[in-house]
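>>> just need the structure, nothing else, for what follows:
(one chain, ligands or ions: 1)
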Amino acid sequence: MIFIDACLGKKTPYTPVWMMRQAGRYLPEYMRVRGEAGDFLSLCKDVERACEVTLQPVDILGVDAAILFSDILVVPMEMGMDLRFEAGEGPIFDNPIKSQADLDALNVEKGVDNLSYVYEAVKMIRSKLDPSKALIGFCGAPWTLATYMIEGKGTKNYAVSKKMLYSNPQLLHAILRKITKALKVYMSRQIEAGANAVQIFDSWAQALEESAFFEFSWPYIKELCSYLKEKYPHIPIIVFPKGISAYLEKIDGDFDVFGVDWSTPIELAKEKLGSKYVLQGNMEPTRLYDKDAIDVGIDHIYSVMKNSRHIFNLGHGILPDIPVENAKYFIKSVQKRTKS
Ligand code: CP3
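Next comes the predicted model:
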């Protein structure tokens, strides 16, 4: 699997490439299967259809890795929180966590067992996926999950979670500890079901000032990485803390690949982290609206990374109105341009 070789820093015939959110709404084939399932959450729980949409970008675009189709929020949902997705609004928890009693009502053991549809999907995907392609499992980072669990929905300023951070840090740490405990089991079970690598998404790392990031986000990610590395040393771990370019030199931990978001100059990431970690990323996702912009984006990243210790990706998820033809063009162009 060239993707796994690249994660481990080995030389590959070209730079492997995939896209965050590659199984999603820009693909008419995805919309058809989601329609058959009923809605997004039903699709996440439908093992055969989740498998089908996971494989779509591999078949349609020729990406080098598949990422499990699911969502980071199924973990708190199965621990006991009521989750729904409203069109135009995104995810909503109707019973956000406000107190220790709310947190005590969540059940880690039951949650990770209820997620059996995820482990079954991983198993089915691995059995159907071309053996040369890797399957990436994933979870949300504790801090990013906690923001949704505390706010009850997406937020612009994270006011509710940050109010807790400053006024009741003990409760926030208790929430983060409980999520981390669940994620250790959840990721282990994905790996045991057949995931070849795992990615931890800390999409809302950017909400935190430096001292808060290194108290409430990063230590929990590190704890999860160390736990998984010790148990599964051969499984590459990718971390994606978004929006923390100012703290790159302070980043360390037991992981293999650092996901660079689009706002971080790739040169800077290479200078600060390139010798310690393989880098993944980081083309600006809206470049996919225009083929010339794609060419310029690829050329720039390739001129910095060459085909060495790098995995091509976008610097965040693909947007729902990107033309499929342009997504295909991006994947093919990377595979051609980076051939050595
Ligand atoms: O990357 C993939 O193709 C795998 C599947 C995947 C989804 N969500 C499917 C999805 C992954 C890895 C995620 C991760 C996820 N989910 C993150 C972290 C990554 C990131 O983008 O920052 C976050 C923050 C979430 C929470 C979430 N899920 C939000 C905020 C939304 C709504 C926003 C939106 O894009 O509409 C979702 C819904 C969601 N998750 C969709 C998909 C394909 C769209 C649902 C639909 O089909 O209508």
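
>>> for the rest of this, base every contact and every neighbour count on C-alpha atoms.
Fine.

>>> the closest residue to the ligand within the stretch 201-340 of the chain: neighbouring residues, count only.
Proximity of the stretch 201-340 of the chain to the ligand (CA to the nearest ligand atom) peaks at residue 203, 4.4 Å away. Look at residue 203: counted by other CA atoms under 10 Å, it has 18 neighbours.

>>> name the residues of the protein found near the ligand, please.
Proximity of the chain to the ligand (CA under 6 Å from any ligand atom) is limited to residues 20-25, 40, 67-72, 90-91, 201, 203, 317.

>>> check the protein for the residue nearest the ligand and tell me.
Using CA to the nearest ligand atom, the single residue of the chain nearest to the ligand is residue 21, 3.0 Å away.

>>> contact partners for the closest residue to that residue other than its chain neighbours?
Closest residue in space to residue 21, ignoring its immediate chain neighbours: residue 317 at 5.0 Å, by CA to CA, 6 or more residues apart in numbering. Counting by CA atoms under 8 Å, 6 or more residues apart in numbering, residue 317 touches 19, 20, 21, 22, 285.

>>> I'd like those residues written out as TSV, with neighbour count added.
Formatted as TSV, the contacts of residue 317 follow (neighbours: other CA atoms under 10 Å):
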residue	neighbour count
19	26
20	17
21	17
22	26
285	21
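
>>> strands - which of these land there?
Of the positions in these, not one sits in strands, assigned by DSSP state E.

>>> picking up where we left off before, which residues touch the residue of the stretch 201-340 of the chain closest to the ligand?
Residue 203 makes contact with 140, 144, 240, 241, 242 under the criterion CA under 8 Å, 6+ apart.

>>> quick check: closest non-adjacent residue to the fourth one.
Right, residue 241. Distance criterion CA to CA, 6+ apart; nearest residue to residue 241, sequence neighbours excluded, is residue 202 at 4.5 Å.

>>> same thing with the third one?
With CA to CA, 6+ apart as the measure, residue 259 is the residue that lies nearest to residue 240, at 4.5 Å, once sequence neighbours are left out.

>>> circling back to that earlier point, now do the SS call for the residue nearest to residue 21.
Three-state call for residue 317 (DSSP: H, G, I helix; E, B strand; the rest coil): coil.

>>> give me the pLDDT value at it.
pLDDT for residue 317: 97.

>>> what's the answer for residue 179, then?
Each residue has a pLDDT score; the one for residue 179 is 98.

>>> now it: closest residue in space that isn't a chain neighbour?
Sequence neighbours aside, residue 142 is the residue nearest to residue 179 in space, at 5.9 Å (criterion: CA to CA, 6+ apart).

>>> so who does that neighbour touch?
Residue 142 makes contacts with 176, 179, 180, 202, 217, 220, 221, as judged by CA under 8 Å, 6+ apart.

>>> now the residues you listed in JSON lines, with neighbour count and secondary structure?
Below are these laid out as JSON lines (neighbours: other CA atoms under 10 Å; DSSP: H, G, I helix; E, B strand; the rest coil):
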{"residue": "176", "neighbour count": "21", "secondary structure": "helix"}
{"residue": "179", "neighbour count": "23", "secondary structure": "helix"}
{"residue": "180", "neighbour count": "20", "secondary structure": "helix"}
{"residue": "202", "neighbour count": "22", "secondary structure": "strand"}
{"residue": "217", "neighbour count": "23", "secondary structure": "helix"}
{"residue": "220", "neighbour count": "21", "secondary structure": "helix"}
{"residue": "221", "neighbour count": "24", "secondary structure": "helix"}
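
>>> output those as JSON lines; include the columns distance to residue 111.
JSON lines is the format used below for the contacts of residue 142 (distance: CA to CA, whole Å):
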{"residue": "176", "distance to residue 111": "15"}
{"residue": "179", "distance to residue 111": "10"}
{"residue": "180", "distance to residue 111": "13"}
{"residue": "202", "distance to residue 111": "21"}
{"residue": "217", "distance to residue 111": "22"}
{"residue": "220", "distance to residue 111": "19"}
{"residue": "221", "distance to residue 111": "20"}
